[in-house]
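Q: no sequence for this one, just the structure:
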């Protein structure tokens, strides 16, 4: 594959949520260059069909490959659910999704064997989590809940609002009643609702944030392939951010997701890559 | 222009909301053939930039022109706000947006001269309503409010939910306090929230639903151009529905917006027209 350690990690999301994965990459792999693509012109993916999400995801991967990345992370759960098997079959580069790392962590964490998963309509409807669990361990019981209003709430900054709390209770109470001891946050927007979700679920439930898990998995894969970037004394590694809609909104929201503001975001048209 | 009365009215929306305009067209112009396009693969437009909405809208108009329509209705307020002036400048066919007809009706309705407008972030931010008012009557006072969560609430069926009511109060109370006597529903999704909005605003405020106004305006334009379809005794006029994502979700939601289920919806890729 001629993969070169100096190449960047490529990462795409339907929009801005994938910055929660970038945040973890910066902690776990601070020496790696990163190319990020947010498909903000066509966001969200969570209410769209398999075929459409597959088409968009393929365009996004091609864009990242044109930027000569060494590995691709699909930071979007909907895209991971619908597109990962297809993309893995067709591209030679290693491609990581956010479903599997969360499932592995949940299986390590649970003691009761009752695991909850929350996500968009598309992610839950895809059955990707159920398949991932059944491939590994047929004994756990998985309880899923669709939380379609969580993404709009996060984007509107309703992080600790009473309205969000009411809707969260409706979405989560069935999982609580089912006695889950572990809950996978199956959408890159949801880590921002962690305090709210923790309050509704109660203190004994462990929340699994896939962002951290996929960053750890990325390190493992790069290590095993011998293509980890080596720390250098020179300048800090390149981080490039691209979006498909105009960059301002992304730049201003980036603080909420990444903990710091991203500047110099460039607009691209991936449909024409 | 060689415009033929037998040709269809073309109508596009970012998604399904434009069916509220189709519903009015069926009442006011029952003899007209209709070609509808919902850009469901890229919905919503309300949180995207002028440039992106302009690009998508142009692709949508080209798709409709390929279907040989005699007039185009932009049923989406965001697209009307951002794209109508450009499209009017460049295309010969008559193109109607949903901003102007609502503004005209509001000016006829108001007695206090205090008018409210609600819409998506993009529609309100565009200033299109303010411009439309200032072109006509400098004396009215216009008060605007962004209601970004209304579209997700409608799409999730939260039409009379207490959560919707709380958010509606927050959005609308400043308009109520400003003493508006007329409120324009500046988004094709909002007519579905009419009972809720009416309850929050109180009985003395008139709600203007642009769907009906643009249908009346369409009749006026077709009449003045002499290209109204004539009632025929033969089969009922053709109605064709296209979407850019898979049709099932559109078909099942169509009851909510149109009052009846639309079948035989075809998927198209307008980016490749």
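A: All right, it came through fine. Fair warning: this is a prediction, and the values are worked out from it, not measured in the lab.
Q: and the contacts of stretch A:241-249?
A: When contacts are defined by Cβ atoms under 8 Å, 6 or more residues apart in numbering or on different chains, stretch A:241-249 is touched by residues A:35-43, A:63, A:250, A:262, A:264-270, B:47-52. In short, each C-beta sits where N, CA and C put it, glycine included.
Q: what subset of those is buried?
A: Judged by neighbour count, with 16 or more other Cβ atoms under 10 Å in any protein chain shown as the criterion, the buried members of the contacts of stretch A:241-249 are A:35-43, A:63, A:250, A:262, A:265, A:267-268, A:270, B:47-50, B:52.
Q: and residue A:212, backbone torsions?
A: The phi and psi values for residue A:212, taken as degrees, to the nearest 10, are phi -70, psi -40.
Q: typo on my end, residue A:241
A: Backbone geometry at residue A:241, expressed as degrees, to the nearest 10, gives phi -120, psi 130.
Q: can you check residue A:11 too?
A: According to degrees, to the nearest 10, the main-chain angles of residue A:11 amount to phi -150, psi 130.
Q: quick check: beta-bridge partners of it?
A: Legend: beta-bridge partners of residue A:11 under DSSP bridges are residue A:36, residue A:73.
Q: residues near it, how many?
A: Using other Cβ atoms under 10 Å in any protein chain shown, the number of residues around residue A:11 comes to 29.
Q: so it versus chain B, what's the distance?
A: 22 Å (Cβ to the nearest Cβ, to the nearest Å).
Q: over to residue A:32?
A: Taking Cβ to the nearest Cβ as the measure, residue A:32 falls 30 Å from chain B.
Q: dump the residue contacts of that residue.
A: In this structure, residue A:32 makes contact with A:8, A:9, A:25, A:222, A:228, A:229, A:237, judged by Cβ under 8 Å, 6+ apart.
Q: TSV please, covering the residues you listed and showing secondary structure and neighbour count.
A: Output for these, formatted as TSV (DSSP: H, G, I helix; E, B strand; the rest coil; neighbours: other Cβ atoms under 10 Å in any protein chain shown):
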residue	secondary structure	neighbour count
A:8	coil	21
A:9	strand	27
A:25	helix	24
A:222	helix	20
A:228	coil	17
A:229	coil	19
A:237	coil	18
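Q: which of those lies closest to residue A:166?
A: Set against residue A:166, the nearest of these by Cβ to Cβ is residue A:25 (34.3 Å).
Q: contact partners for the closest residue to that closest one other than its chain neighbours?
A: The spatial neighbour of residue A:25 that comes closest, neighbours along the chain excluded (Cβ to Cβ, 6 or more residues apart in numbering or on different chains), is residue A:215 at 4.9 Å. Applying Cβ under 8 Å, 6+ apart, we find residue A:215 in contact with A:21, A:24, A:25, A:27, A:28, A:29.
Q: out of the residues you listed, who has the most neighbours?
A: Top of those by neighbour number is residue A:21, holding 32 neighbours under the definition other Cβ under 10 Å.
Q: ok, that one touching residue A:97?
A: No. Under the criterion of Cβ atoms under 8 Å, residue A:21 makes no contact with residue A:97, lying 11.0 Å away.
Q: quick one: the helices in chain A?
A: Under the criterion DSSP state H, chain A carries helices at the ranges A:19-28, A:50-66, A:77-90, A:99-109, A:121-126, A:128-136, A:150-155, A:162-177, A:194-201, A:210-225, A:247-258.
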